[in-house]
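A.B. asks: predicted coordinates and the sequence they were generated for:
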Amino acid sequence: MGCCAGEGEPLNDQENGSAVTVLGVMGAIALAVGLIHLGAVLTPVPVSLPWNPIALGIGLMRGTPWPPAASWLLGVEALLVIVALGWWGTRTPSRTSSAARRMSPGGKMRPAMEEDRLTEAARLHPDAEGIGPGLTIGYTGDTGTKAVIQGWRECSAHVWGTGRGKTTTQVVRHATEAPGPYLMTSNKVDGVAEVIAARSETGTVWLFDPQRIWRDSHRPAMIFNPLSVVTDTISAGEVASIFETSSAPGAGSGRGDAQFDSQGRDFLSWCLLAAAKSDGTMRDVLHWVSGADFLEPAGLLERAGHPGPAAALKGMGDQPEDTRGSVAASAQRMASALVHDELVAWSTPTPGVPMFDPARFVTGKDTLILLSQDAAGSGAAFVSTLVYAVFTAAQQAARRAGGRLTVPLVADLDEVGNVVKLKQLPEWYSFFGSMGIVVSAYFQTKGQGVAMLERTGWDTLWSAAAVKVYGGGSDDDAFLGSLSKVIGQYDAKVRSSSTSKNGSSRSVQTQRRDIMSVSQLSELPVNRAWVKTSNGGGTIVRTVPWFRDKTLNTRIGPTVERIKTGKTS
């Protein structure tokens with residue numbers, strides 16, 4: 001009969017502990033020698049004491065005079081050693097630190113560190129004044145200060161469970177690091193005061209908040225007219241699709257009628273185009289769609305030089321009554337956001353309320369905060385159209401600048417699954433980075449991303465993201481299993497021993513083990529995140545909330561308090 005001991009503990013971890021112990025003993029001996037000599041200074045003895053610890057020990061044993069002061073000095077050292085040994089014996093080893101060491105040997109993370117990122121930034125944006133290395137994700141090691149950074153040509157995809165600190169560790173920090181225009185979306189007040197504080201001296205802060213999540217006022221703080229984006233049949237179709245996805249339950253999920261949904265979307269598209277070409281408003285679009293009026297927008301399109309959409313509208317109006325009614329019902333469902341006067345008010349020019357210009361925004365240093373919640377009167381259709389408008393303007397500005405924005409646009413799409421309904425997002429991820437449009441999309445779960453983008457869209461976005469971040473808090477076995485496979489395995493050398501009637505034996509075996517198992521990823525400590533970069537490097541970083549960062553807290557903390565106090569007073 002045999003038994004095994006020590007199984008499951010990789011030898012390299014044990015050897016690391018042994019090395020630390022040896023260094024600790026050597027340090028304690030060196031300190032003791034120094035303290036004995038200090039004691040001889042405080043209470044002199046008639047002989048010169050050697051510095052060699054062996055010679056000193058032999059001499060003391062043979063009667064070399066002992067400095068009295070050394071007794072209490074060594075007593076203090078002994079007490080400190082006892083305390084240190086007690087702490088060392090009861091400490092909890094950091095599994096994430098061990099995992100991080102195994103993930104990226106050979107300096108694979110170096111391209112994502114500050115020195116390389118600064119070189120890259122200077123090359124990509126030579127005319128951007130005072131541009132930093134990029135957007136900080138976290139820091140290496142349990143106490144390290146070396147930052148892992150998302151560069152200015154990279155888009156990132158994030159999965160952070162509820163309460164894991166994505167806003168305090170990522171969004172607020174990025175707002176302080178963005179060198180040019182900055183866009184933030186959210187469905188709650190968390191982070192709003194902090195972003196306003198971080199950006200208040202950079203430029204104008206625009207706040208789109210029709211559901212009064214932050215502002216307790218019925219008067220719009222800004223005006224954005226979705227029709228300003230509608231310039232041709234293609235853009236009209238894009239905006240109609242956004243309204244379909246945002247405002248219609250089940251739209252785009254395959255549960256509707258393909259014929260009527262398609263014609264309903266076209267009806268809404270041509271109404272949007274007719275209003276845009278005739279200086280109309282979103283109220284005109286609602287009037288035509290609600291009244292199933294095909295002829296008036298058709299006439300406006302004819303006069304504006306768009307005979308194709310005009311003919312299509314007339315053809316819809318000539319269909320049998322039942323068919324015509326079904327097409328109108330589909331369009332009405334897609335345009336349901338226009339029923340809410342509170343939303344439409346933010347799209348209608350109003351004296352004294354500034355008009356937001358996407359083209360001007362992407363070439364300046366302003367801030368745009370977009371707030372919306374999934375509820376009756378959801379502003380997701382307007383928010384999504386506004387994000388679409390900003391990204392469209394950014395692409396146009398990048399092309400005019402030779403293919404890349406002079407100063408990067410930073411967009412943190414926080415709560416993207418609840419706020420931004422853009423099916424184009426995965427496609428954009430494949431080329432936005434090369435244009436200096438730096439987008440970070442934050443999901444609470446992979447399921448939320450699949451619900452928003454469908455499975456193919458999610459897979460495309462996650463694959464196209466140059467930086468992938470998991471901030472913990474998930475119990476999705478399939479998702480965590482895929483991360484575990486990507487992180488990889490290592491060779492664990494395991495010592496085993498056995499005894500029998502013939503004696504005992506010891507052996508060392510090599511086992512393949514996951515660097516991070518599903519359970520370890522599920523239980524990732526707070527303020528830790530896994531990061532994967534485009535060059536193949538991956539690691540565990542320590543994320544730091546802005547209020548625990550001395551520099552950031554000094555910079556924006558007092559302003560945050562003033563904003564919050566002023567809001568509640």
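C.D. replies: That came through, no problem. Residues are numbered from 1 along each chain as shown.
A.B. asks: which residues of the stretch 301-450 of the chain fall in strands?
C.D. replies: Along the stretch 301-450 of the chain, counting by DSSP state E, counting those that start in this stretch, strands occupy 367-371, 409-413, 437-443.
A.B. asks: so S517 makes contact with S484?
C.D. replies: Yes - at 6.1 Å, S517 counts as touching S484 under the criterion of Cβ atoms under 8 Å. For glycine as for every other residue, the C-beta is placed from the backbone atoms N, C-alpha and C.
A.B. asks: want to throw the strands of the stretch 301-450 of the chain into JSON lines with distance to V419 and mean neighbour count?
C.D. replies: Putting the strands of the stretch 301-450 of the chain into JSON lines (distance: least, Cβ to Cβ, whole Å; neighbours: other Cβ atoms under 10 Å) gives the following:
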{"stretch": "strand 367-371", "distance to V419": "7", "mean neighbour count": "24"}
{"stretch": "strand 409-413", "distance to V419": "7", "mean neighbour count": "26"}
{"stretch": "strand 437-443", "distance to V419": "10", "mean neighbour count": "26"}
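A.B. asks: redo these as TSV? Include mean pLDDT and distance to S235.
C.D. replies: Listed next are the strands of the stretch 301-450 of the chain as TSV, based on pLDDT from 0 to 100; distance: least, Cβ to Cβ, whole Å:
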stretch	mean pLDDT	distance to S235
strand 367-371	97	20
strand 409-413	98	19
strand 437-443	97	18
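A.B. asks: follow-up on the earlier one: more neighbours, S517 and S484?
C.D. replies: Neighbour totals were compared for S517 and S484, and S484 leads with 19 against 16 (other Cβ atoms under 10 Å).
A.B. asks: and that one, which of the three is it?
C.D. replies: helix (DSSP: H, G, I helix; E, B strand; the rest coil).
A.B. asks: that older thread, for the strands of the stretch 301-450 of the chain, which one sits closest to S98?
C.D. replies: strand 437-443 (27.9 Å; Cβ to Cβ).
A.B. asks: what helices or strands is that closest one leaning on?
C.D. replies: Helices and strands touching strand 437-443, as assessed by 3 or more Cβ pairs under 8 Å, 6 or more residues apart in numbering; DSSP states H and E, comprise strand 156-159, helix 380-400, strand 409-413, helix 416-419, helix 425-429, helix 446-464.
A.B. asks: centre of the chain to the fourth one, how far?
C.D. replies: It stands for helix 416-419. Relative to its chain's centre, helix 416-419 lies at 13 Å (Cα atoms, centre = their mean, to the nearest Å).
A.B. asks: how about that helix as PDB, C-alpha atoms only?
C.D. replies: Provided in PDB are the C-alpha atoms of helix 416-419 (Å, rounded to 0.1, in the frame of the first residue of the first chain):
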ATOM      1  CA  VAL A 416     -23.600  49.600 -24.300                       C
ATOM      2  CA  GLY A 417     -26.100  46.700 -24.200                       C
ATOM      3  CA  ASN A 418     -28.700  48.900 -22.600                       C
ATOM      4  CA  VAL A 419     -28.000  52.200 -24.200                       C
END
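A.B. asks: so what touches that helix?
C.D. replies: 185-187, 370-374, 380, 383-384, 413, 425, 441-444, 448-449, 451-452 (Cβ atoms under 8 Å, 6 or more residues apart in numbering).
A.B. asks: just the buried residues from the residues you listed, in PyMOL please.
C.D. replies: Remark: buried members of the contacts of helix 416-419, expressed as a PyMOL selection using 16 or more other Cβ atoms under 10 Å:
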select buried, resi 185+186+187+370+371+372+373+380+383+384+413+425+441+442+443+444+448+449+452
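A.B. asks: ok, V33 - contacts?
C.D. replies: Counting by Cβ under 8 Å, 6+ apart, V33 touches W51, P53, L56.
A.B. asks: quickly note the distance from it to K146.
C.D. replies: Distance, V33 to K146, using Cβ to Cβ, to the nearest Å: 35 Å.
A.B. asks: A298 is in contact with G317, isn't it?
C.D. replies: Yes - the pair A298 and G317 qualifies as a contact (Cβ under 8 Å) at a distance of 7.4 Å.
A.B. asks: which one of these two is surrounded by more residues?
C.D. replies: Legend: neighbour count by other Cβ under 10 Å for A298 and G317, higher for A298 (25 against 16).
A.B. asks: check what pLDDT the more buried one gets.
C.D. replies: In this prediction, A298 carries a pLDDT score of 95.
A.B. asks: how far does the host helix or strand of it sit from the chain's center?
C.D. replies: Applying DSSP states H and E as the criterion places A298 in helix 295-303. Put simply, helix 295-303 sits 45 Å off its chain's centre (Cα atoms, centre = their mean).
A.B. asks: same check on stretch 192-209?
C.D. replies: For stretch 192-209, the distance to the chain centre is 19 Å (Cα atoms, centre = their mean).
A.B. asks: got the buried residues for it?
C.D. replies: In stretch 192-209, counting by 16+ other Cβ under 10 Å, buried: 192-199, 202, 204-209.
A.B. asks: tell me the two of these that are most distant?
C.D. replies: Greatest spatial distance in the buried residues of stretch 192-209: T202 and D209, 19.7 Å, computed using Cβ to Cβ.
A.B. asks: TSV please, covering the strands of the stretch 301-450 of the chain and showing distance to D279.
C.D. replies: Formatted as TSV, the strands of the stretch 301-450 of the chain follow (distance: least, Cβ to Cβ, whole Å):
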stretch	distance to D279
strand 367-371	25
strand 409-413	29
strand 437-443	30
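A.B. asks: nearest to D475, of those?
C.D. replies: Using Cβ to Cβ, the strands of the stretch 301-450 of the chain put strand 437-443 closest to D475, at 14.8 Å.
A.B. asks: could you dump that closest one to PDB, C-alpha only?
C.D. replies: Once non-C-alpha atoms are left out, strand 437-443 reads as follows in PDB (Å, rounded to 0.1, in the frame of the first residue of the first chain):
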ATOM      1  CA  ILE A 437     -11.400  56.300 -33.400                       C
ATOM      2  CA  VAL A 438     -10.800  54.600 -30.100                       C
ATOM      3  CA  VAL A 439     -13.900  52.800 -28.800                       C
ATOM      4  CA  SER A 440     -14.300  50.800 -25.600                       C
ATOM      5  CA  ALA A 441     -17.600  48.800 -25.400                       C
ATOM      6  CA  TYR A 442     -18.600  47.600 -21.900                       C
ATOM      7  CA  PHE A 443     -21.000  44.600 -21.400                       C
END
